[in-house]
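Chemist: I would like the atomic coordinates for the input below:
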Amino acid sequence: MDKFFNYFQITALVLFLLLFAGKISYLRLIKKINPVTIVVGKKGMQLAMDISFIIGLIIWILEVLLHSLHLAFPILALLHDMQLINSILAKYIGAGLISFGFIIYILALITLGDSWRMGIDCKAPGKLVTEGIYSISRNPISIFIDFYFLGTFLINGTLIFLIFAILAAIAVHLQILQEEKFLTRTYGLEYRDYCARTGRYLIWKISL
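Modeler: Residues are numbered from 1 along each chain as shown. Here you go, the predicted structure:
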């Protein structure tokens, strides 16, 4: 059974990277748009947050691979080996969260079209997308990230993945707050009306 969850995690990771790289390549090569604006033009705390997020994501990906392939020399050995939960039910719930998250992610990528960006694009942000899955949530990709990291923790059950899940949720929320300020300045009343009818995370409003 453990082999199934190991293969599942590797497959999910490959799918995520393919979707991510595919979207970037499509926008760059076909639409002539640079969708990766993370770090670009950032200063101070925002730059530090972006760099920390990139480093953290790389470490998380490596940890998933090391754990799934049972390779030696984990990056953070003590946290990697400290088991907090080891339940077959938790593993299935984790796999379910990741699978459901991918459905949300794919729908979001399709709905966003040419407006998809990694980071805040001050020069060419694209049109404001409010239809499809974005009529249910203003940040479905953020929900996907939260589900993916939480699901990974439930499958593996170790402290390192719990820490990553918590840090990812915090980082995503802080990024959302930054994006909301930018979108309000950029789209004005159109975005404020959108916020009034669509929740930050879900169809009902959750303001933190």
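Chemist: Just to check, residue 134 is in contact with residue 198?
Modeler: Yes: look at residue 134 against residue 198 with Cβ atoms under 8 Å: they come within range, at 7.3 Å. (Each C-beta comes from the backbone N, C-alpha and C, glycine too.)
Chemist: Skipping adjacent residues, who's closest to residue 97 in space?
Modeler: Residue nearest to residue 97 in three dimensions, not counting chain neighbours: residue 151, with 3.7 Å by Cβ to Cβ, 6 or more residues apart in numbering.
Chemist: From residue 116, how far off is that neighbour?
Modeler: 23 Å (Cβ to Cβ, to the nearest Å).
Chemist: Check residue 44 too.
Modeler: 26 Å.
Chemist: Can I get stretch 10-26 in CSV, CA atoms only?
Modeler: Taking C-alpha atoms only, stretch 10-26 is exported to CSV below (Å, rounded to 0.1, in the frame of the first residue of the first chain):
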residue,chain,number,x,y,z
ILE,A,10,5.7,11.2,-7.7
THR,A,11,2.9,11.2,-10.3
ALA,A,12,1.3,14.3,-8.7
LEU,A,13,4.6,16.1,-8.6
VAL,A,14,5.3,15.3,-12.2
LEU,A,15,1.8,16.5,-13.2
PHE,A,16,2.2,19.7,-11.2
LEU,A,17,5.6,20.5,-12.9
LEU,A,18,4.3,19.6,-16.3
LEU,A,19,1.2,21.8,-15.9
PHE,A,20,3.4,24.6,-14.5
ALA,A,21,6.1,24.4,-17.2
GLY,A,22,3.5,23.9,-19.9
LYS,A,23,1.6,27.0,-19.0
ILE,A,24,4.8,29.1,-18.9
SER,A,25,6.0,27.7,-22.2
TYR,A,26,2.6,28.4,-23.9
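Chemist: Quick one: distance of that stretch to the chain centre.
Modeler: 12 Å (Cα atoms, centre = their mean, to the nearest Å).
Chemist: excluding its backbone neighbours, what's nearest the residue most central in space within the chain?
Modeler: Most central in the chain under Cα atoms, centre = their mean is residue 145, positioned 3.0 Å from the mean C-alpha point. Distances taken as Cβ to Cβ, 6+ apart place residue 172 nearest to residue 145, at 5.4 Å, with adjacent residues excluded.
Chemist: What residues sit buried inside whichever strand or helix holds that neighbour?
Modeler: Using DSSP states H and E, residue 172 sits within helix 159-187. Along helix 159-187, these residues count as buried under the neighbour rule (16 or more other Cβ atoms under 10 Å): 159-162, 164-165, 168, 171-172, 175, 179, 183, 187.
Chemist: mind listing the helices in the chain by residue range?
Modeler: 2-25, 44-69, 77-81, 88-112, 140-156, 159-187, 189-197 (DSSP state H).
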